[in-house]
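S.K.: need a structure here:
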Amino acid sequence: MSFKHVMEVYDLLDSIYASGEDVKSYLSTFNEESDISVQTVSGPEGSTDFIKITVPGVNGKSRGGTAPTLGIIGRLGGIGARPELKGFVSDGDGALSSIAAAAKLLDMTTKGDQLNGDVILTTHICPTAPTLPHDPVPFMSSPVDILEMNNHEVTVEMDAILSIDTTKGNMITNHKGFALTPTVKEGYILKVSTDLLHVYTQSTGQLPVTMPITTQDITPYGNDLYHVNSILQPAVATDKPVVGIAITTETAVAGCGTGATHLVDVEQVVRFVIEVAKLYGENKCSLYDEKEFAHIENLYGKMTHLQTAGKEVLS
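M.R.: Residues are numbered from 1 along each chain as shown. Here you go, the predicted structure:
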């Protein structure tokens, strides 16, 4: 059970003074030699602290092993919209989930349950992020742009990525809990991973819920196309498979809404990504069918142009 870690991390982040160094200090209590890095990056509207946590596996690449590495990204604009709004915002659930997952994984390692493969968790901490108009409810923005986020949150060591993001500001997936997107790889929207659907049913005890995505959603921000949110922006910065883990609600809830974080839902996400990490490092869970992907590229060619800004922007 990860609920204790979720509550502790929520309490840590629900502060105007929350920082990456605070998170590092908290996570280091599980293991003083933990591999945790923090970097403060400034933008036109403030700064944010990017944090990267590497949890080594028994046969992980960080130790010269061969087990695949899972990346878990907490996607968000910010954990707070101060001074405009007071308190932890709904958009912060991505950071809360990834850090709580890191805490649980480090705690497991200390207690002797070390995974086979490495797990790399990244996110950023900004308690004073700006907001943006968006239909049907306002978006959270960020002091830095999406390119800067991807530079810090998507790493070359990641062989597959789970991107956790609050996805409540829409009328597409009307479910309180979380939903899985189809796998995205190099401009292709592939079928939903059967392995992930199975882990969903086992970890939640419920039928799996999926979230539809469009071609627009997998293109980079800044091209004047509608995006449901930034959940699949990591997919524009890598050739590895990416799946969105969308924290959802039955009604449209603004990313800048306070008092809108449901810790039980976050805890479900934490348990889910940890169960995926266990299996992925043992080559027992795949995000996509490699043979089918090779076949679709042979039939229809590369779609990597969808990972770029597009002709009009580039011309």
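S.K.: what count of nearby residues applies to the nearest residue to residue 168 once chain neighbours are set aside?
M.R.: Nearest non-adjacent residue to residue 168, counting by Cβ to Cβ, 6 or more residues apart in numbering: residue 253, 3.9 Å away. For glycine as for every other residue, the C-beta is placed from the backbone atoms N, C-alpha and C. Residue 253: 20 surrounding residues under other Cβ atoms under 10 Å.
S.K.: quote the end-to-end distance of stretch 79-99.
M.R.: 12 Å (Cα to Cα, to the nearest Å).
S.K.: circling back to that earlier point, contacts only, for the residue nearest to residue 168.
M.R.: Residue 253 is in contact with 90, 137, 168-169, 260, counting by Cβ atoms under 8 Å, 6 or more residues apart in numbering.
S.K.: give me the subset of those residues that lies in strands.
M.R.: When the contacts of residue 253 are checked against strands (DSSP state E), there are no matches.
S.K.: just the residues you listed now: which is nearest residue 237?
M.R.: residue 169 (23.0 Å; Cβ to Cβ).
S.K.: quick check: the gap between the closest one and residue 19.
M.R.: Applying Cβ to Cβ, to the nearest Å, the value for residue 169 to residue 19 is 26 Å.
S.K.: more neighbours: which of those two?
M.R.: Neighbour count, other Cβ under 10 Å: between residue 169 and residue 19, residue 169 has more, with 24 against 19.
S.K.: shouldn't residue 47 be within a strand?
M.R.: Yes. The assignment for residue 47 is a strand, going by DSSP: H, G, I helix; E, B strand; the rest coil.
S.K.: please enumerate the strands of the protein.
M.R.: 35-43, 46-55, 70-75, 119-125, 131-132, 139-140, 160-166, 177-180, 184-185, 188-189, 242-248.
S.K.: how about these, which one is nearest residue 150?
M.R.: Taking the strands of the chain one by one with Cβ to Cβ, strand 70-75 is closest: 9.3 Å.
S.K.: how near is the residue nearest to residue 168 to residue 140?
M.R.: For residue 253, the distance to residue 140 - Cβ to Cβ - is 12 Å.
S.K.: look at residue 113 and say how many residues are nearby.
M.R.: Based on other Cβ under 10 Å, the number of other residues close to residue 113 is 10.
S.K.: same thing with residue 84?
M.R.: Neighbours around residue 84, by other Cβ under 10 Å: 11.
S.K.: and what of residue 304?
M.R.: 14.
S.K.: again, but for residue 208
M.R.: By other Cβ under 10 Å, neighbour count at residue 208 equals 16.
S.K.: quick revisit: ramachandran coordinates for the residue nearest to residue 168?
M.R.: With angles defined as degrees, to the nearest 10, residue 253 sits at phi -120, psi 130.
S.K.: residue 268 and residue 253, how far apart?
M.R.: Following Cβ to Cβ, the distance that separates residue 268 from residue 253 is 17 Å.
S.K.: also residue 139?
M.R.: 12 Å.
S.K.: overlap of the contact sets of these two?
M.R.: By Cβ under 8 Å, 6+ apart, the residues touching both residue 139 and residue 253 are residue 169.
S.K.: okay if I get the strands of the chain as a markdown table plus distance to residue 103?
M.R.: Compiled in a markdown table, the strands of the chain are given as follows (distance: least, Cβ to Cβ, whole Å):
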| stretch | distance to residue 103 |
| --- | --- |
| strand 35-43 | 11 |
| strand 46-55 | 9 |
| strand 70-75 | 12 |
| strand 119-125 | 10 |
| strand 131-132 | 28 |
| strand 139-140 | 23 |
| strand 160-166 | 14 |
| strand 177-180 | 19 |
| strand 184-185 | 28 |
| strand 188-189 | 33 |
| strand 242-248 | 17 |
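S.K.: which one of the ones you listed lies nearest to residue 109?
M.R.: strand 46-55 (6.4 Å).
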